[in-house]
Structure formats: C-alpha cells, structure tokens
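Chemist: have a look; sequence and predicted model below, questions after that.
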Amino acid sequence: MSNSSALVSKVWNFANVLRDDGVSYGDYLEQITFLLFLKMAEEYTEEPYNKQIRFPRLRDLEGQEIPDGEICNWENLRSKKGPELEAFYGQLLRTLAQEPGILGQIFVKSQNKIQDPAKLLKIVTMIDQEKWVQIGSDVKGDIYEGLLEKNAEDTKSGAGQYFTPRSLIRAMVECVQPKPEKTIMDPSCGTGGFFLAAYDYIVANHALNRPQKEFLKNKTFYGNEIVASTRRLCLMNMFLHNIGEIDGETFISPTDALISTPSERYDYVLANPPFGKKSSITVTNEDGEQSKEDLNYTRQDFWVTTSNKQLNFLQHIRSLLKINGEAAVVLPDNVLFEGGAGETVRKQLLRNTELHTILRLPTGIFYAHGVKANVLFFKNREAAPDPWTKEVWIYDYRTNIHHTLKKKPMRYEDLKDFITCYNPSNRHERQETWSEEQADGRWRKFTYEEIIARDKTNLDIFWLKDDSLTDLDNLPDPDELAEEIIENLEAGLASFREILGVVEK
C-alpha cells in the first residue's frame, strides 16, 4: 500500500492529466466516486469483513435483466479493456442507478464522462492497485475533500456554491460543540462538510463506547440535497470518512427540504443554505415556452409566506429543531435588514428562539462572488409569553478584514478570537471587547430592547470605523482590491438581472 502523500499525489496527477484532455474536475470526481465505491464494495466482501453485498446483473434499456448478463461488480469491470471496457462500464452505471438505498443514490443519473477507453483503464488500474478499505478514513477523506475543494475552484461548473469554507465550518462546530448520541441535520447539505466537521469534533472530544460509536456512524446525520450529482458526492464523502454502511439505507433525502413540515426534529442544525434570494420553478405554457415563476411555500408552521429562499430556510431550520435544539446557519445580509417578510421573521425569531450570537463574515471567502454573509447562532425554545432573546452578541469579522480565495484565504486560526469570545464552555459568561474607551473592539452585545427599537428590527449592526474610507495608507493590496471590485460588480449584475426578471414579468 502506498504511503498517504504518494497516494494523494497519484490521484491529483491523474486529475490534471484528464483536465488537459477536457475532462473537468467535476466529471473526474464523479468517475472516481463510481469506481472507488465498486472497488471498496468488493473489498468488503472479502476477509475479514465478509459482507453480503448484492450487485445486480446487467439490465437492458427497458430495465429488464439481461439473461446470462454479467454481474455489475469490480471483478468484471477490471477484466475489460478497450471498447469492451467502455461498453460494460456504461451498462453498469445505468443498471446500478436503478438499485435501492445508498447504492442507487451513488449511481443515480450516472454517465461515463471519460470517453477514451485507455484513460478509463488507467483510472481503473490506479484504483485497483490499492486496498482502499485498509487505508485510514482520514487519508481517504483528505484525498476526496481535496478533490471537492479543487472542483469548487472551477467556477465555470458552479460547484463552488455547494462548498462552504472548511475553516468556517470548523469554527461553527467548535462553538456549538455537538455531543454524542445527538442528531445533526443539514437541510442543504451539499458535499457534507458540516457532517464531517461534527463527526471529527465528536470523535476528538469524547471517549466513545460501542453504542455511541454505532450511533455516530449510522444514526447521527440527516440531510437534504436536491442536486443528484452533489448528493452523490456527499454520500461518498461521508462513506469514505466511515459514516454509514456500504449496503445501508441513505440518510440524505433527494427531496426539496422546504416543501413540507418536517416529520422529525433534531438536536442540532448546521447549515449554509444556497445563495440567491428567490425560490422559483420552471413552468411551460401551452406553446411550449418555458419561464421561471416565484415559488411560495405555503406552510402552516411558517411565520410568513414568502418567495425569499433565505427567509424560508431560516423558518424551516427553526421548525427542524427540537425544543432546546441548537442551530448555526450561514445567511446573507438581506436576512438581517430586509423589510416586510424579513422584519416579521426577525421579530418571531427573537421572540420564539434565543438568538444569542451573530458572526459578521468578511467578503472574499466564498466561491460565489459578492456575498456578504453572517452566521446566526440560536437555540429553539417552547412557547412563552415573553421573548426568549434577552441580548444578541455580535462579532464583527468584516470591517477592515480582507481575504481572497487564493492568496489570502480565511483560516481556522483567523476565527479563534471569535471562538474565544463566544465562550462555548459557558456562553452566559462573556465579556465585551468593545467599550466607549476601546472603540475598536469587535465583540459587542445589544439588548432585546435596543434591537426591537431599531427600524424594521434591523440586525445588520456595525460600529467599527472602516479605515479604507479615511486612511489611504491602509488600503489592501492591489490584487485584493481588484477581487473586491469584481465581487461588487458581479453582485450588482446579479441584482440587475433580478430586477430585469421582475420587469419582464
């Protein structure tokens, strides 16, 4: 077995070879997912695991089993070469996509994107040379996470919208401190970043007994992801990190999380809902012309009906929580200041939950340009005559902070001061770093009375002086400025497109 660094290098180098051939990281990542799953499934049928994994025989285009058709497993795949390999691989993908459970979810809507049989054979050979089950889940996970991040950097594919910076995820989990034998939900789970960070935190901070390990592996994590290719990556990412069983049921639902009131409640919700303010559906008129229409979710458990996707996700996340359940969710600025439905949601959130912390995030940390976002931390509570929120603590990690994705990415260390101020061990014992004398402090609290008195219950609160407006010597580097300008222009264009869509209607 190769050492971990050599293995990572091998997987990366082949990704670059295929990229030169016009195969994107996303396509390569999907093929690696399919082939890794097949190889590891074979390994699990051998000693010492001896799992009884049933793989079907090849089916035809109508879904009927082909008489004397070969079994869709790794042994048969690696025995093929040239056009025979390409043909068998295509049939195998189509057949496995019809299977139930995790197997079917991994292969749903799968296609062979590597049309050169010689290149496909090289990937099969590369994977066949390793005993993947024996490799530590941290190594397998690091390889796959690296591919996911590289795929997110490929902005043309749009994959970045499903990738939350791992430094931010880790900081959020460090604040929430999830405990063993508790359930964790992400209604827009993307590639599973929050699940993996929570898993790592629980393993690192608790000496788990056997029932707790079993619960962590098979009963802790639940999510929704409507994009089939992203859901596949999430399932494989978690499986490579030793979450779930290769022949078990899927814990990631393909349904739209916002459609209906949840039937289950969870101890924690960790999420970064998709960016974009409007929920929409594509409709076709009698002439066959297609157009997008705003989608309003009418749910009795929602405080207000709106087409604003972010406000809907915030209401939905609150409905997912058990009483005393905790949430940490990334949301854009408009959720904090928008009037109408936004004001209603904020008032209800302050009244019905304990909204105790807001982290103001800098720009330049997401692959979607121009995003100004925050992390809201709140605890769900039972109905009561008085508002549950008594004070909101705000940490401003935006003003005078400059990050770029490539040259100056946000690291976990950059958020350690916030974690210290948050005081996860006892958040009821906090100390402001801001005062009248210490006007540059980033950590400040506001009472419920102060917030409710603000116009539209505006939670977009800032107090630090922006040095770039007054001190030319403190301007960021030219490349950082250029990236900020690009982000602002793209955000402006997105707003204009939204306005144009309304005008056209």
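Modeler: Thanks, I have the structure now. Small disclaimer: the values here were computed from a predicted structure and weren't measured.
Chemist: could I get the buried residue list for stretch 196-210?
Modeler: Buried residues in stretch 196-210, counted by 16 or more other CB atoms under 10 Å: 196-199, 201-202. The way it works is simple: take the backbone N, C-alpha and C, and place the C-beta from them, glycine included.
Chemist: with stretch 112-125 instead?
Modeler: 112, 114, 117, 119-121, 123-124.
Chemist: could these be laid out in JSON lines, adding secondary structure?
Modeler: Converted to JSON lines, the buried residues of stretch 112-125 look like this (DSSP: H, G, I helix; E, B strand; the rest coil):
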{"residue": "Asn112", "secondary structure": "coil"}
{"residue": "Ile114", "secondary structure": "coil"}
{"residue": "Pro117", "secondary structure": "helix"}
{"residue": "Lys119", "secondary structure": "helix"}
{"residue": "Leu120", "secondary structure": "helix"}
{"residue": "Leu121", "secondary structure": "helix"}
{"residue": "Ile123", "secondary structure": "helix"}
{"residue": "Val124", "secondary structure": "helix"}
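Chemist: now render those residues as CSV, adding distance to Gly248.
Modeler: Putting these into CSV (distance: CB to CB, whole Å) gives the following:
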residue, distance to Gly248
Asn112, 26
Ile114, 29
Pro117, 33
Lys119, 32
Leu120, 29
Leu121, 31
Ile123, 26
Val124, 26
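Chemist: among the buried residues of stretch 196-210, which ones are in helices?
Modeler: The helices, defined by DSSP state H, take in 196-199, 201-202 from the buried residues of stretch 196-210.
Chemist: can you put the buried residues of stretch 196-210 in TSV and add pLDDT and distance to Glu382?
Modeler: Listed next are these as TSV, based on pLDDT from 0 to 100; distance: CB to CB, whole Å:
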residue	pLDDT	distance to Glu382
Leu196	92	32
Ala197	94	29
Ala198	97	25
Tyr199	95	30
Tyr201	96	28
Ile202	97	27
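Chemist: which one of these sits closest to Ser229?
Modeler: Of all the buried residues of stretch 196-210, Ser229 sits closest to Leu196, with 18.5 Å by CB to CB.
Chemist: wait, what's in contact with the closest one?
Modeler: Residues in contact with Leu196 (CB atoms under 8 Å, 6 or more residues apart in numbering) are 141, 145, 237-238, 241, 243.
Chemist: report the central residue of this structure.
Modeler: Gly190 (3.7 Å; CA atoms, centre = their mean).
Chemist: sec struct for that residue, please.
Modeler: Going by three-state DSSP: Gly190 is coil.
Chemist: chain center to stretch 136-147: distance?
Modeler: Centroid separation for stretch 136-147 versus its chain: 17 Å, with CA atoms, centre = their mean, to the nearest Å.
Chemist: if we go by neighbour counts, what in that stretch is buried?
Modeler: By neighbour count on 16+ other CB under 10 Å, the buried set for stretch 136-147 is 139-145, 147.
Chemist: what's it in contact with?
Modeler: Residues outside stretch 136-147 that contact it (CB under 8 Å, 6+ apart): 4, 7-8, 11-12, 15, 25, 28-29, 32, 132, 166, 196, 236-237, 240-242.
Chemist: do stretch 428-435 as well
Modeler: 393, 421-423, 440-445, 463.
Chemist: how does it look with 7 Å?
Modeler: For stretch 428-435, the external contacting residues (CB atoms under 7 Å, 6 or more residues apart in numbering) are 393, 421, 423, 441-445.
Chemist: and what of stretch 317-328?
Modeler: 172, 175-176, 185, 187, 261-262, 265-271, 301, 329, 353, 375, 377-382.
Chemist: quick one: strands adjacent to the longest strand along the chain?
Modeler: Using DSSP state E, we find that the single longest strand of the chain is strand 321-332. Here strand 321-332 is paired, per DSSP bridges, with strand 266-271 (parallel), strand 373-380 (antiparallel).
Chemist: of those, which is nearest Phe107?
Modeler: That would be strand 266-271 among the strands paired with strand 321-332, by CB to CB, at 26.4 Å.
Chemist: work out the gap between that closest one and the centre of the chain.
Modeler: 13 Å.
Chemist: the chain should start at 20 in everything you say after this.
Modeler: I'll keep to 20 as the first residue from here, and by that count the last item is strand 285-290.
Chemist: so for that strand, mean pLDDT?
Modeler: For strand 285-290, mean pLDDT rounds to 98.
Chemist: any residues touching it, and which ones?
Modeler: With CB under 7 Å, 6+ apart as the criterion, strand 285-290 contacts 191-192, 195, 197, 201-207, 213, 217, 241, 336, 339-341, 344-348.
Chemist: filter those down to the buried ones and hand me the PyMOL line.
Modeler: Here is the PyMOL command that selects the buried residues among the contacts of strand 285-290 (16+ other CB under 10 Å):
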select buried, resi 191+192+195+197+201+202+203+204+205+206+207+213+217+241+336+339+340+344+345+346+347+348
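Chemist: can I get stretch 416-424 as CSV, trimmed to CA atoms?
Modeler: Extracted in CSV, the C-alpha atoms of stretch 416-424 (Å, rounded to 0.1, in the frame of the first residue of the first chain):
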residue,chain,number,x,y,z
TYR,A,416,-15.1,40.0,11.5
ARG,A,417,-15.8,42.0,8.4
THR,A,418,-14.8,45.7,8.9
ASN,A,419,-11.1,46.2,7.9
ILE,A,420,-10.8,42.4,7.2
HIS,A,421,-9.6,41.4,3.7
HIS,A,422,-9.5,37.8,2.4
THR,A,423,-9.1,36.3,-1.1
LEU,A,424,-9.7,32.7,-2.1
